[in-house]
Structures are given as C-alpha cells and as structure tokens.
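Asker: build me a model from this:
(chains A and B)
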Amino acid sequence: MSTATIDVDGLGRLIDVLAADGYQVIGPTVRDGAIVLAELDSVDQLPSGWGVEVGPGEYRLRKRADTAMFAHSAGPQSWKQFLHPAHRKLWSTDAEGNGFVPAVEEVPKYAFLGVRGCDLAAIGVLGGVLAGGRHPDGSYVRRRPLFVVGVNCTEPGGVCFCASMGTGPAVGPGYDLVLTELVDDDGHRFVVDVGSAQGRRIFDRVPSREAPADEVGLAQEAVASAAGRMGREMPATDLAEVVRDSRESPLWDDIAARCLNCANCTLVCPTCFCTTTEDVTDLTGEHAERWQRWSSCFELDFSYLHGGEVRTSGASRYRQWLSHKLGTWYDQFGGSGCVGCGRCIAWCPVGIDLTAEAARLSAAAKGSVDVDR
Amino acid sequence: MSTPTLGVWKFTSCDGCQLTLLDCEDELLALAGQVRIAQFLEASSAVVGGPYDVSLVEGSISTPDEAERIQRIRAESRVLVAIGACATAGGIQALRNFADVDEFRSVVYAAPQYIDTLATSTAISEHVDVDFELRGCPIDRHQLLEVLTAYLAGRKPDLPDTSVCTECKRRGLTCVMVAHGTPCLGPVTHAGCGALCPAYGRGCFGCFGPMTNPNVPALTAQLRVLGMAEDEVDRVFRTFTVSSFERER
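Answerer: Predicted coordinates:
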C-alpha cells in the first residue's frame, strides 16, 4: 500500500515541484465571490477556510470554522475551459495565396490540482467525444498530457449527485495523485494515494510520512459518508429509455415556461462540447482568420439550416439538450453525458433542476407505459 | 473596384454611437484607406452627394421630418445599417410611446407650439428596410468594425443573436445573479457587448434589447425572487430599449 500523508507545507511543496517540472498548475482559488479555477503559484492561493452554499440558481461563498481548502463543491467553471477553450484560432490565410496556415497554439503542460471524481469523469467523457473518434481534435490532444491531482470529495454540495451517476465522491481511475483532506485536532493534512508512474516520480520529491492505518480509515470514512450527503439524486432508471418515451411529453412545455434559453447550463456543463466558427477579416482584406467558439443548443442559430431555424421553441431546445445529455449520448458515445456535478442546476439563473425534471419525466413515462399496456 | 462610400446619418439620438466610429482609433487610418467617408458631420463638414454604398443610421424616428428623411437615405443607400438602441428600438425617448406626448410637450417646453413631434419614437426598421442592426447604448466598437470589414470582404457579418450569458460564460466570468444575487438582464438580452457590465460586477441593464424569443416573464419572476419590487421591475425594463422589452413582457 503506497498511502502517505502530507501536511499543508507538503502540498505547497507539491505545487513547487510541479512548477519546477514545467507544469502550469491550475487549481481552485477565490475570485469575485466564487471559487474559480486559475493558475496557482503557491498553496496560499487555495481557498483555505472557504466553503460554499449551493442550491438551484444560487451559489454563495461561506467562511468555514476550519482551514479546509477543498471543502467546496463545483464552482462556476470547469476544467473544460483549459482543455476545450471557449475561443481559439483555427487557421489564417492571406490574399497572397499562401494557403491556409494552421494556428500554432502555445499549449502549457497542465497540472490540475483539486480534480473531483465528477470532474475527472467529465474529462474522460470530453476526451471520448473530442479525441475518441477517427478524427481526433488536435487541440484537445495537445492539451491532454495532464498531471491530475485528484481530491476525494468529503463535502458534497446542495446540487451534487455524483453518487447516483457513479462518478464520485471517490475519484475514479485516471489520476496521478489523489488527496483526501483531513482537518481535525490532529492537524490539517492530506492522505495521498499514488495512481501512476509520473505521480510516483513527482511525489517522491515531496516530503511525506507513511499514513497510519487509523488515518487511512478516517479518510475512507469521510469519503464514504459524503456519498450519503448528496444534495440531489438522479432517478435510478434507464434514462435513455425515459428520454425515448418522452418525446411528446407535455412536460417540455412546462419546463420551457421557466427556461430562459440563456444557454448557461450548457456552457457550465463540463461535457457539453459544441462549437461554432466565425470568420474574421481585417479592413484591408489582406488577412483572414477562422476562429472556433463555444456554442450551445439553446442558441437559436444552433439549428439554423437553409432558410431558418429548426428548433425555434424553448421546449424543443430544452428537450434537445436533456435528451442528448441523458439519452442519445449513450447511442453516440457509449455512456451518459452527465457526471452529476450539479453545475447546470446551480448556474441556471432560474434554478431549473435537471434531476427533478428527469424524475418528473421518468414518472410520467412510466405512467404512460402503464396506461398503454 | 472603386472605393466604397460611407455615409453616417443622425436622427433622434445623442451622437454617442456615431462617435464609436471615431473611437476606432487603431483602425481609423486603415478604414479611411478602404472607404470614402462621404457624409459624417461629427468628423467633417465636407459632404458628398449620394448614392452611398453603406449608410450607418443613428437615432430614432421622432418627428415628421425624420420620417421623410429616412426614406430618402434608404433610397440612396445600397446597405443600410441601423446603429444603436435609438435606431433599433426607439431609444429611451420611446418612453413617450407609453405616455401622453402632448402632456410632455406642455411640461417641458416654454413654447410648446413650436415643437413638431410625433407621438411615438420608433426604430428605423419600422419605416424602411434595414440590412443590419447593431444594438446597444452605445454600440460595440468591435461589432461596428465587424459589419464594415464583412461588407468590404463581401461576407456575412457575425452578429450572434444569443444571450449576453453566452459571452459572459465564454469570458469565464462568475454569474453576478447566481453568485451575488445581483439582478441581471443578461439571460434575455441580445449579445454583442462582450458581457461588459457583468465583467465589472454589475448586472446587465439590457441596453442591447431583447434577443429573439426571450423568456422575459420567467426572468421577471426571478427578479422578484431576488427582492425587486414591482415598480423596480418595471423600471429595469423601461430604459434604453423600452419599446422592444415592453413587447416581450
């Protein structure tokens, strides 16, 4: 068993070692009233003593009684913004006829610190979409040699439901190191498991002590108890079937009456991957560029075909999103598009709850099946 | 190809949108090399007669004279672009559309008999065909350059009709409504500003007007949840694009 324990200084040392190895370390930090993801130089930038209270359409930072750094659930951003940037140049060309010049991207060597189970699963889903097919997205592939420092979740939030999606609270495979944070009378420390050879190579340079059995037990209990404290739960049913049976459900209109079509749910979703392109020319007409930017199925233009948009109603756009995320994603990519992070619930300005709507659709679909039989 | 001519026209407005053209400091010389500015009184009193390849039209139609003049400008313009909240929605002066203009006239002016005004302030598109609309109070500099460079390159301009939220999220900003409880019209407002106000921690006040098919009643319900009184909700929608938001409420 390779379980070890480090203290806060050890975590600081881990950041230093990663930086010295050429990694750009990205992790949680407090900015603008939220815990966001940003480049870290020091352990002091982690959100020590900060927690969050999260509900549908509501997110508030709360001061904690202890110094915990990872006792917060998903914030407004996800790792997607680093792996699949919101806006990037694809190529340029000029009037001289020199052809198309692919954009040269300066891609940092990323080390992600504080990746939750839900979010590591999301990175996997996004990778399957962008790099899993016959034509992998080169931009994504260049960004993917990651160093992942996972953090097992001990403090789920009010909109979390990773336990019912099978992605947490323990971080699944794919990490290099995984931490479980403990803060009690015995101090502030992190129980560390090594998950890869590169994890071992880095961790060997961080001062640690062997974790005693009782400490390992405490860490395991903290993670196990988190599974029972999820604020939300996805109904335990075949959601792909529910989606198929719900195509003409009157519930879509009911949701559409509340839905703003603002696209926030898709943009905060760590697996929503859609993009569109824009062409940019300069005033002289000598230079042209093509850029890619995040797009959303809630945008009217998203379904624009010759002569007009296909999904004009809010109901059709919400149905498209939910049906893809929970249903047809299985057909397309072999799994669910939802990892249970709860961002779409928290960051929906009017608090539409994906789990509640899935439960209503499921109940209604079951009801209709009974009637038909 | 001969150099295209550009005309800049003013109706009922504050001139702020046409000044956005002069605000394009880094691009102004390049622009002057690509178009012949035939009419732009804020920049030069030299005026060249029409027809014009591109006309930028600022301001709303609020007088009988303006209602005629816009017809002439349309007839002389190949491409007509309405710029700003006044030209695209009637502007803040469209508050009169929901009140008694005679009463305003008698209260505001010492000699109201000399004031020749229409009962309403309306968008350019309610009078003539408009090729493109740039929203905002004032318009966004980048969108103005986009519509001009697109014209010069013979392509369609990229003017997304989505919510301000899409720009806010692409910038990685934290939602002021969800995280701070600050009322924000971003979810129903037409994109184009780059989420300027939320970037400074303020709620969007909707100066770009509603996007297509906004769900204003759903947002209104949330504004009430955030503690806005009924008269405050009324006021927040009755500013620079009052006439277009009133249609959606």
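Asker: could you work out the end-to-end span of stretch A:163-181 for me?
Answerer: Its start and end residues considered, stretch A:163-181 measures 19 Å (C-alpha to C-alpha, to the nearest Å).
Asker: quick one: that stretch to chain centroid distance?
Answerer: 13 Å (C-alpha atoms, centre = their mean, to the nearest Å).
Asker: residues of that stretch that come out buried?
Answerer: Across stretch A:163-181, burial judged by 16 or more other C-beta atoms under 10 Å in any protein chain shown covers A:163-165, A:167-172, A:174-181. No exception for glycine: its C-beta is placed from N, CA and C like everyone else's.
Asker: restricted to helices, list the residues you listed.
Answerer: Among the buried residues of stretch A:163-181, the residues falling in helices (DSSP state H) are A:163, A:164, A:165.
Asker: export these to TSV and tack on distance to chain B and pLDDT?
Answerer: TSV is the format used below for these (distance: C-beta to the nearest C-beta, whole Å; pLDDT from 0 to 100):
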residue	distance to chain B	pLDDT
A:163	24	97
A:164	23	97
A:165	22	97
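Asker: ok, those vs residue B:229, which is closest?
Answerer: Minimum distance to residue B:229 across these is 39.9 Å, recorded for residue A:164 (C-beta to C-beta).
Asker: which stretches of the chain form helices?
Answerer: Assuming you mean chain A. For chain A, helices defined by DSSP H occupy the ranges A:8-20, A:80-83, A:117-131, A:138-143, A:162-165, A:197-203, A:213-227, A:239-245, A:251-258, A:264-268, A:314-323, A:329-333, A:343-346, A:354-372.
Asker: wait, chain B
Answerer: B:16-22, B:25-34, B:64-75, B:84-89, B:101-108, B:141-153, B:164-170, B:176-180, B:196-199, B:216-225, B:230-237, B:242-248.
Asker: any idea how far the closest residue to residue B:230 other than its chain neighbours is from residue A:345?
Answerer: In this structure, residue B:230 finds its nearest non-sequential neighbour in residue B:224, 7.9 Å apart by C-beta to C-beta, 6 or more residues apart in numbering or on different chains. Distance of residue B:224 to residue A:345, computed by C-beta to C-beta, to the nearest Å: 20 Å.
Asker: out of the two, which sits in the more crowded spot?
Answerer: Taking other C-beta atoms under 10 Å in any protein chain shown, residue B:224 and residue A:345 do not tie; residue A:345 has more neighbours (28 against 14).
Asker: give me the domain ranges for chain A.
Answerer: Following automatic domain parsing, one gets these domains for chain A: A:4-227, A:239-372.
Asker: whoops, I mixed them up, chain B
Answerer: Domain ranges of chain B: B:5-153, B:164-248, per automatic domain parsing.
Asker: excluding its backbone neighbours, what's nearest residue B:201?
Answerer: Using C-beta to C-beta, 6+ apart and skipping residues adjacent in sequence, the residue nearest residue B:201 is residue B:176, 6.1 Å away.
Asker: need the pLDDT of that neighbour.
Answerer: On pLDDT, residue B:176 comes in at 98.
Asker: repeat that for residue A:313.
Answerer: pLDDT recorded at residue A:313 is 95.
Asker: what's the distance between it and residue A:258?
Answerer: As judged by C-beta to C-beta, residue A:313 and residue A:258 stand 14 Å apart.
Asker: ok, these two, which is more surrounded?
Answerer: Shown here are residue A:313 and residue A:258; by other C-beta under 10 Å, residue A:258 has more neighbours (18 against 14).
Asker: what parts of the stretch 1-150 of chain A come near chain B?
Answerer: Contact residues, the stretch 1-150 of chain A versus chain B (C-beta under 8 Å from any C-beta of the partner chain): A:31-34, A:36, A:57-61, A:75-77, A:81, A:86-87.
Asker: so which two of these are the farthest from each other?
Answerer: Using C-beta to C-beta, those span at most 29.1 Å, a distance reached by A:60 and A:87.
Asker: out of the domains of chain A, which comes closest to residue B:182?
Answerer: Residue B:182 sits nearest to domain A:4-227 of all the domains of chain A, at 9.7 Å, using C-beta to C-beta.
Asker: now do the contacts for the closest residue to residue B:47 other than its chain neighbours.
Answerer: Spatial nearest neighbour of residue B:47, excluding adjacent residues (C-beta to C-beta, 6+ apart): residue B:39 at 5.3 Å. By C-beta atoms under 8 Å, 6 or more residues apart in numbering or on different chains, the contact set of residue B:39 is B:6, B:7, B:8, B:9, B:47, B:48, B:52.
Asker: any part of stretch A:304-319 near chain B?
Answerer: Yes. Stretch A:304-319 reaches chain B (C-beta under 8 Å from any C-beta) through A:312, A:314.
Asker: measure that stretch end to end?
Answerer: Its first and final residues considered, stretch A:304-319 spans 17 Å by C-alpha to C-alpha.
Asker: contacts only, for residue B:76.
Answerer: Contacts of residue B:76 by C-beta under 8 Å, 6+ apart are B:7, B:50, B:51, B:52, B:55.
Asker: can you count the residues close to the residue nearest to it when sequence neighbours are not counted?
Answerer: Leaving aside its sequence neighbours, residue B:76 sits nearest to residue B:50 (C-beta to C-beta, 6+ apart; 3.4 Å). For residue B:50, the neighbour count with other C-beta under 10 Å is 16.
Asker: residue contacts, residue B:50?
Answerer: Residue B:50 is in contact with B:7, B:38, B:76, B:77, counting by C-beta under 8 Å, 6+ apart.
Asker: just the buried ones from the residues of the stretch 1-150 of chain A next to chain B?
Answerer: For these, buried by 16+ other C-beta under 10 Å: A:31-34, A:36, A:57-59, A:61, A:75-77, A:81, A:86.
Asker: in strands only, show me these.
Answerer: Using DSSP state E, the members of these that fall in strands are A:31, A:34, A:36, A:58, A:59, A:61.
Asker: contacts only, for the fifth one.
Answerer: Going back to what we said before, that points to residue A:59. A:34, A:52, A:53, A:75, A:76, A:346, A:347, B:175, B:178, B:179.
Asker: do the same with the first one
Answerer: When contacts are counted by C-beta under 8 Å, 6+ apart, residue A:31 touches A:38, B:174.
Asker: again, only this time at 10 Å
Answerer: By C-beta atoms under 10 Å, 6 or more residues apart in numbering or on different chains, the contact set of residue A:31 is A:37, A:38, A:45, A:47, A:75, A:76, B:172, B:174.
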